[in-house]
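Trainee: make a model of this:
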Amino acid sequence: MKFKVSIGKKPQHDGMVSCVGWTVGDDLFSCGDDGAILKWNNKTGETATITKLPEGVYPADMAWFPSNVGGRQSASELFVLGTTDGKFHLVSKNGRFEKSVEAHTGAVIAIKWSKNGNSLVTAGEDGQVKIWSRSGMLRSTLAQVGSPVYSVAWGPDSEQILYACGKQIIIKPLAPSAKTTQWKGHDGLIMKVDWSSVNNHIVSGAEDRKYKVWDSYGRLLFASHPHHYPIMSVSWSPNGEMFAVGAFNTLRLCDKSGWCYSLDKPNTGSIYSLDWSRDSTLVAGGCGNGHVIFAGVVNQTIEWKHLVVTLQEEKVLLVEDVVNNTKDQLEFRDRVVKMSLGWDHLVVTTSSQCLIYSTTNWNTPLIFDLKGLTTSAILLAKKLFLIVDSVQGLSVYSYEGRMICSPKYSGIRTDSLNVNNIAISSDTLVLVDSRDSRAYHVFDVNTGRELTDKPLYHSQELMNVALDQYGSTNERCLGFVDKNNDLFLVQIRHSNPLTKLKKLGGMVTTIMWHDTTNMLSALQDGRFTVWYYPRAVYIDTELLPQSKVFKDAGEFGKNPEIASFLGHHCTLRRSDGSLVSTAVSPYPTILQNYVSKTSWDDAVRLCRFVKDAALWASLAAMATAAKELNTAEIAYAAINETEKVEYISYIKDISNKAARNAEMSLFCKQTAEAEGTLLQAGLVYRAIRLNVDLFRWNRALELAVKHKTHVDTVLAYKQKYLQDFGLEESDNVFLQYSKEISVDWTTIQNKINMELESERGK
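Mentor: Residues are numbered from 1 along each chain as shown. Below you'll find the predicted structure:
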């Protein structure tokens with residue numbers, strides 16, 4: 001990926017260009033020391049002077065009203081301009097000054113709209129940071145420091161302000177009682193900071209000639225090597241996937257992790273201001289020599305199996321088949337905004353259309369028009385795909401181009417959605433709540449409706465979510481990593497999902513499911529880990545550690561991320577941006593294919609051939625889940641689980657099928673399911689005895705009273721239990737029934753024998 005840079009032959013401004021800003025309609029406005037506000041037509045390259053500032057007044061910063069605020073089309077045609085006379089001005093796109101407000105003593109150096117468009121923040125030469133209403137009324141003076149504040153940004157939730165003062169970076173909440181976060185960011189004066197609402201990361205640039213990436217807690221994620229000149233400007237792309245860095249005759253394109261995609265050396269002087277187009281495809285910069293620089297993102301590459309797709313020009317894609325050594329060039333009417341490749345399809349969105357290509361036919365795509373202009377993400381599943389538009393919202397489509405649904409919930413902010421807080425499969429969609437990242441919403445993609453009345457809550461914030469793509473709908477599993485770097489698994493389509501929440505491990509940074517099986521990969525505590533069958537956590541927790549494999553992740557460098565998990569390879573991206581592939585055993589994939597076809601004999605033969613304990617443990621879990629007792633017995637024997645082999649042998653001797661199924665549920669620690677199976681089959685005595693054996697005395701007595709049978713049996717076993725441990729009855733319910741019902745072991749044993757005989761006849 002790199003920038004394709006374009007600069008005019010001669011500067012349009014007479015003097016330094018201090019600020020630039022993109023409109024919703026894809027036009028650019030620039031303002032310089034000559035006082036002129038120019039409008040640039042991106043398609044034709046023409047410029048027009050909109051208005052001029054009064055003599056002696058110079059611009060410092062500008063910001064357009066956010067485009068993602070619904071129902072305010074007229075407001076989105078408004079921008080705010082901070083000037084050196086201490087005022088800020090609300091200006092229409094036609095150049096009319098709607099309002100001017102005295103804001104600071106000295107220049108208004110930085111100004112920004114909140115994400116929701118309800119507030120403004122200004123930072124001045126007087127060291128004050130102020131919050132204003134949308135109409136220009138002062139709400140509060142948030143901070144007052146002893147030196148100028150050169151840069152300011154809103155937090156993703158519009159409840160915090162980020163600003164830079166000297167060498168310090170400060171995050172100040174709007175709530176008066178909330179704690180302020182402050183840390184030393186650089187060894188020189190900090191010139192620019194920006195905070196992404198999508199990935200929640202902060203980027204800063206300073207006179208120490210470095211740019212740095214931070215998380216929202218002030219932890220350093222990346223620090224660049226020193227440049228030749230001070231960093232004057234930094235800016236996140238709206239989709240949060242990259243950011244731009246400007247310095248003297250320098251323009252960099254960087255990944256969200258911090259490593260550099262490309263470096264350009266245009267003859268521009270210092271680049272004082274950077275702003276991205278709403279679709280994250282273009283960046284514009286205000287330059288010290290009067291030029292405005294335009295840079296389009298090209299050479300973006302995506303891969304899937306044997307296909308490589310490259311964005312050669314803004315309207316041209318090149319598709320390469322590395323196996324068949326063929327190339328196809330795809331041309332588009334408008335510039336490409338987003339593309340995604342997978343599941344035998346290529347989905348491309350332009351500024352006005354969506355095109356769906358089959359990997360077997362590049363000549364006749366399915367095409368439909370898009371209402372939104374700002375596609376921020378495309379997520380593919382086996383049968384459908386999701387388009388995320390920061391203005392229009394979420395839309396789920398089939399690969400035939402049919403719109404399936406538009407899921408949403410109250411208070412959704414689509415501008416904060418990204419691949420880390422969205423997960424989709426062919427039947428389920430999960431969205432992390434944009435207001436409270438501890439909550440997540442689960443949707444049925446066929447109807448667009450939430451599966452639960454209220455969002456599900458976790459104890460910590462969710463940092464990464466992923467849905468498995470294989471298996472039945474009812475067993476769909478969501479894996480997520482929380483703020484503590486703990487990995488959890490939850491059966492998301494269960495009637496009560498939170499009862500199926502299980503922890504798989506800790507110190508996990510990134511996860512990804514396999515494309516065609518239930519394998520789950522993760523980077524965990526400096527190791528690359530693969531769970532062959534993570535659902536074993538619901539079947540036999542002792543099998544979970546036995547069914548995973550790992551290798552040292554030192555070869556992948558510091559802070560790697562999993563890029564893909566396809567076939568027998570997992571691709572990881574190092575912190576410097578390079579890709580490295582690591583092999584994964586092909587046998588778990590073959591094993592799960594055998595199990596899906598109920599070819600249990602073939603599965604056993606495969607495990608005997610491979611002689612891998614992790615494979616045997618996976619087979620034991622899968623056979624137990626399917627209640628395939630013979631295979632489960634063989635698999636448990638292979639990993640020396642003698643007690644479990646004996647228990648399975650005991651289950652096999654039970655003649656009644658419902659009783660066997662209940663015992664298998666009990667084997668998997670699913671007590672409620674075991675009891676329900678027995679009661680549904682009319683095996684009341686077994687349901688009562690199950691609770692007696694588990695010392696669930698109250699539940700056993702409740703069932704006996706409800707079904708009017710074996711009350712004396714429960715009382716007898718409870719008395720025997722108390723006698724064995726030298727205890728006395730203290731439960732009032734048991735005391736009451738003990739007075740009313742006499743216990744006779746001979747009668748009880750006869751009743752039990754009759755129940756067992758009755759079972760054999762069923």
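Trainee: quick one: low-confidence residue ranges for the stretch 601-750 of the chain.
Mentor: Judged against pLDDT under 70, the stretch 601-750 of the chain has no low-scoring part.
Trainee: would you map the helices across it?
Mentor: Applying DSSP state H, counting those that start in this stretch to the stretch 601-750 of the chain gives helices spanning 613-625, 629-638, 642-652, 657-667, 671-680, 684-693, 697-707, 711-724, 732-740, 745-760.
Trainee: so Phe667 touches Ala623, yeah?
Mentor: No: counting by CB atoms under 8 Å, Phe667 stays clear of Ala623, with 11.6 Å between them. Where C-beta positions appear, they are placed from N, C-alpha and C, glycine not excepted.
Trainee: name the residue in the two with the higher neighbour count.
Mentor: Comparing Phe667 with Ala623 by other CB atoms under 10 Å, the one with more neighbours is Ala623, at 24 against 18.
Trainee: ok, the more buried one touching Ala635?
Mentor: Yes: between Ala623 and Ala635 there is a contact under CB under 8 Å: 5.9 Å.
Trainee: re earlier: give me whichever of the helices of the stretch 601-750 of the chain is most buried.
Mentor: Comparing the helices of the stretch 601-750 of the chain by mean neighbour count (mean count of other CB atoms under 10 Å), helix 613-625 ranks first with a mean of 26.
Trainee: quick one: it to helix 642-652, angle?
Mentor: 30 degrees (axes from the mean of the first three to the mean of the last three CA atoms, to 10 degrees).
Trainee: need the residues that contact the longest strand along the chain.
Mentor: Counting by DSSP state E, the longest strand found in the chain is strand 361-369. By CB atoms under 8 Å, 6 or more residues apart in numbering, the surrounding residues in contact with strand 361-369 are 319, 328, 330, 348, 352-357, 399-401.
Trainee: out of those, which are buried?
Mentor: Neighbour counting by 16 or more other CB atoms under 10 Å classes 319, 330, 348, 353-357, 399 among these as buried.
Trainee: tell me where the stretch 351-500 of the chain is predicted with low confidence.
Mentor: 372-373.
Trainee: quick one: the strands in the stretch 51-200 of the chain?
Mentor: Assigned by DSSP state E, counting those that start in this stretch, the strands in the stretch 51-200 of the chain fall at 59-64, 78-83, 87-92, 97-102, 108-113, 119-124, 128-133, 138-144, 149-154, 160-165, 168-173, 181-184, 190-195.
Trainee: can I get those strands in a markdown table with mean neighbour count, distance to Ile654 and mean pLDDT?
Mentor: Supplementary listing: the strands of the stretch 51-200 of the chain in a markdown table, determined by neighbours: other CB atoms under 10 Å; distance: least, CB to CB, whole Å; pLDDT from 0 to 100:
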| stretch | mean neighbour count | distance to Ile654 | mean pLDDT |
| --- | --- | --- | --- |
| strand 59-64 | 24 | 72 | 96 |
| strand 78-83 | 24 | 76 | 95 |
| strand 87-92 | 20 | 79 | 95 |
| strand 97-102 | 14 | 82 | 94 |
| strand 108-113 | 24 | 69 | 97 |
| strand 119-124 | 26 | 69 | 96 |
| strand 128-133 | 19 | 71 | 97 |
| strand 138-144 | 14 | 71 | 95 |
| strand 149-154 | 24 | 65 | 97 |
| strand 160-165 | 23 | 62 | 96 |
| strand 168-173 | 20 | 62 | 97 |
| strand 181-184 | 13 | 62 | 96 |
| strand 190-195 | 24 | 62 | 98 |
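Trainee: nearest to Ile50, of these?
Mentor: strand 87-92 (8.4 Å; CB to CB).
Trainee: if we can go back for a sec, now the strands of the stretch 51-200 of the chain as CSV including distance to Ile37?
Mentor: CSV is the format used below for the strands of the stretch 51-200 of the chain (distance: least, CB to CB, whole Å):
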stretch, distance to Ile37
strand 59-64, 8
strand 78-83, 8
strand 87-92, 8
strand 97-102, 10
strand 108-113, 15
strand 119-124, 19
strand 128-133, 21
strand 138-144, 25
strand 149-154, 22
strand 160-165, 26
strand 168-173, 31
strand 181-184, 36
strand 190-195, 22
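Trainee: just to revisit the earlier point, next SSE downstream of the longest strand of the chain?
Mentor: strand 375-380 (DSSP states H and E).
Trainee: that following strand pairs with which strands, parallel or anti?
Mentor: Here strand 375-380 has these sheet partners by DSSP bridges: strand 384-389 (antiparallel).
Trainee: dump the partner strand to CSV, restricted to CA.
Mentor: Presented in CSV, the C-alpha positions along strand 384-389 are these (Å, rounded to 0.1, in the frame of the first residue of the first chain):
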residue,chain,number,x,y,z
LEU,A,384,-23.7,-13.5,3.0
PHE,A,385,-21.7,-10.4,3.7
LEU,A,386,-22.0,-7.2,5.8
ILE,A,387,-21.4,-3.7,4.6
VAL,A,388,-20.7,-1.1,7.4
ASP,A,389,-21.4,2.5,6.3
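Trainee: got a list of contacts for it?
Mentor: Residues from elsewhere that reach strand 384-389, judged by CB under 8 Å, 6+ apart: 340, 345, 347, 349, 354, 370-372, 374-379, 394-399, 404, 414, 417, 422, 424, 426, 429, 445.
Trainee: going through those residues, which ones are buried?
Mentor: By neighbour count, with 16+ other CB under 10 Å, these hold 340, 345, 347, 349, 354, 370, 372, 374-379, 394-397, 399, 404, 414, 417, 422, 424, 426, 429, 445 as buried.
Trainee: what residue lies at the spatial centre of this structure?
Mentor: A centroid search over the chain (CA atoms, centre = their mean) returns Asn420, at 1.6 Å, as the residue closest to the centre.
Trainee: how about the secondary structure of that residue?
Mentor: Using DSSP: H, G, I helix; E, B strand; the rest coil, the structure places Asn420 in coil.
Trainee: ok, Thr589 next?
Mentor: In three-state terms, and counting by three-state DSSP, Thr589 is helix.
Trainee: touching, it and Phe565? I think so.
Mentor: No: with contact defined as CB under 8 Å, Thr589 does not count as touching Phe565 (11.2 Å).
Trainee: the two: which is more packed in?
Mentor: Ranked by neighbour count (other CB under 10 Å), Thr589 and Phe565 place Phe565 first, with 21 against 18.
Trainee: what sits closest to that one if chain neighbours are left out?
Mentor: Once flanking residues are discounted, Phe565 sits nearest to Met512: 4.6 Å by CB to CB, 6 or more residues apart in numbering.
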